[in-house]
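In: starting from these lines, generate the structure:
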Amino acid sequence: MPGTKHLLLILAVLCFFGKTQAQYIKGELNDINGRFVNAHGAGILFYNGIYYLFGEIKKGKTWLVPGQQWEDYRVPAGGVSCYSSSDLEHWKYLGIALAPSTGDSTKDLDTGRVIERPKVVYNYKTKKFVMWMHIDKKDYSYSQAGVAVSDKPEGPYQYIRSVRPNGQMARDMTVFKDSDGKAFLIYSSEDNNTMQVCLLSADYLSPTERYSRILVGRRREAPAMFKNGGKYYLITSSCTGWSPNAATYAVANGPMGPFREIGNPCQGPGAETTFDAQSTFVLPSKDEPDNYLFMADRWNKLDLPKSDYLWLPLTVDKGKVIIQQQTGD
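Out: As a prediction, the model looks like this:
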């Protein structure tokens, strides 16, 4: 996606997110030591009153993979970072949750591979924190889902393996944990021509044979799922490489679908490009049932480490999903 000014804009709003002032971001996000938060394709785990932010570490020189039919820009895979916060504003760097390896290009976590969109969920039965992520080769020919586990939310995480769920491609992904404790892996599949939803095993460490094909033929990626009023909502982007496009959302009566596409949840100037960003996660409010935090990446395709963030309020009004930039932005 196009380069943008890297400015931290904590917007003054009179909205409270989980009894703390919501912090809406367009631009850079810095930790409590003033360092840039390096957590792209991120997700948030809320555990014991603390928010844990996990994301891709992007550093090093950006380069273009030759011979591809799209702008396949890459940096060396940097692993997964972890930050913590009690208020979604002040973030403490906790270190590398999942470290990459070097010197063996056949290994999933080698810096020459792709480690993208990590998401962590907690399993109350096993008392383990489980991370799922997209694992790939630089040309996206591998298309697998990787899983790692830890005894602590911040890690370090022990990498287990990568799989193609039920023999299916798995690219851009997220994990959704339902109120009944079941967890689902949602991922772009079939060369991005469909998305799939797969029920995970009781320990969250393996795909089960129960899965469904959704948004068939719609070429969607960057999934972010959340639940509201007994309905399941899925925000996705179109497939335009690193360039921004219009998000859409779909709704279903269950996490496996079938999903019905509704339209673009974004409103106002810039809605046609998701405000120059791409979805990665939707965080529910602890106390406000119709309020959420929409999290997205503003990709700088020519210098990926300089990509920054867009966090905006998301509301559900009578089943309609609404994402708006704040007044004065």
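
In: so is the nearest residue to F259 once chain neighbours are set aside in a helix, a strand, or just coil?
Out: Using CB to CB, 6 or more residues apart in numbering and skipping the chain neighbours, the partner closest in space to F259 is A250 (3.9 Å). Yep, even glycine has a C-beta here, placed from its N, CA and C like the rest. Put simply, A250 is strand when judged by DSSP: H, G, I helix; E, B strand; the rest coil.

In: quick one: contacts for A250?
Out: The contact partners of A250, by CB atoms under 8 Å, 6 or more residues apart in numbering, come to I214, L215, Y233, L234, T236, F259, R260, E261, I262.

In: same question, Y122
Out: With contact taken as CB under 8 Å, 6+ apart, Y122 is in contact with L45, Y47, K128, F129, V130, P153.

In: and it, how far from A202?
Out: Taking CB to CB, to the nearest Å as the measure, Y122 falls 14 Å from A202.

In: where does L302 land on pLDDT?
Out: L302 carries a pLDDT value of 97.

In: how near is it to A170?
Out: Note on L302: its distance to A170, by CB to CB, is 28 Å.

In: one more: W91?
Out: 29 Å.

In: these two: which is more packed in?
Out: Using other CB atoms under 10 Å as the criterion, W91 and A170 rank with A170 on top: 28 against 22.

In: please enumerate residues in contact with stretch 231-239?
Out: Contacts of stretch 231-239 (CB under 8 Å, 6+ apart): 176, 186, 188, 192, 195, 214-215, 219-227, 244-255, 259, 265, 274, 278-279, 282, 294, 316, 319, 321.

In: among these, name the buried ones.
Out: Buried by 16 or more other CB atoms under 10 Å: 176, 186, 188, 192, 195, 214-215, 219-227, 244-245, 247-252, 255, 259, 265, 274, 278-279, 282, 294, 316, 321, out of the contacts of stretch 231-239.

In: tell me which of those fall in helices.
Out: Assigned to helices by DSSP state H, none of those qualify.

In: among these, which ones are in strands?
Out: Using DSSP state E, 176, 186, 188, 195, 214, 220-227, 248-252, 278-279, 282, 294, 316, 321 are the members of the buried ones among the contacts of stretch 231-239 that sit in strands.

In: tell me how far the most centrally placed residue in the chain lies from E56.
Out: The centroid of the chain falls nearest to T280 when counting by CA atoms, centre = their mean (3.1 Å). For T280, the distance to E56 (CB to CB) stands at 10 Å.

In: list the residues that contact both of these two?
Out: Counting by CB under 8 Å, 6+ apart, the residues touching both T280 and E56 are H40, G41, A42, R117.

In: now pLDDT, secondary structure and neighbour count too, for the residues you listed, in TSV please.
Out: Supplementary listing: those in TSV, determined by pLDDT from 0 to 100; DSSP: H, G, I helix; E, B strand; the rest coil; neighbours: other CB atoms under 10 Å:
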residue	pLDDT	secondary structure	neighbour count
H40	98	strand	23
G41	98	strand	27
A42	98	strand	24
R117	98	strand	28
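
In: and the residues you listed, which is closest to R210?
Out: Distance to R210, by CB to CB, is smallest for R117 among the shared contacts of T280 and E56, at 22.2 Å.

In: so what's that closest one up against?
Out: Neighbours of R117 in contact, by CB under 8 Å, 6+ apart: G41, G43, E56, M133, H134, D172, M173, T174, T280.

In: try P269
Out: Contacts for P269 (CB under 8 Å, 6+ apart) come out as Q325.

In: what is the least confident helix or strand in the chain?
Out: Ranked by mean pLDDT, DSSP states H and E, the weakest helix or strand in the chain is strand 25-27, scoring a mean of 94.

In: partners of that one, with directions?
Out: Paired strands of strand 25-27, with direction, are strand 308-317 (antiparallel) (DSSP bridges).

In: tell me the mean pLDDT for the strand it pairs with?
Out: Mean predicted confidence for strand 308-317 is 97.

In: over to stretch 69-81?
Out: If you average the pLDDT over stretch 69-81, you get 96.

In: and it, what's buried?
Out: Going by neighbour count (16+ other CB under 10 Å), the buried part of stretch 69-81 is D72, Y73, R74, V75, P76, A77, G78, G79, V80, S81.
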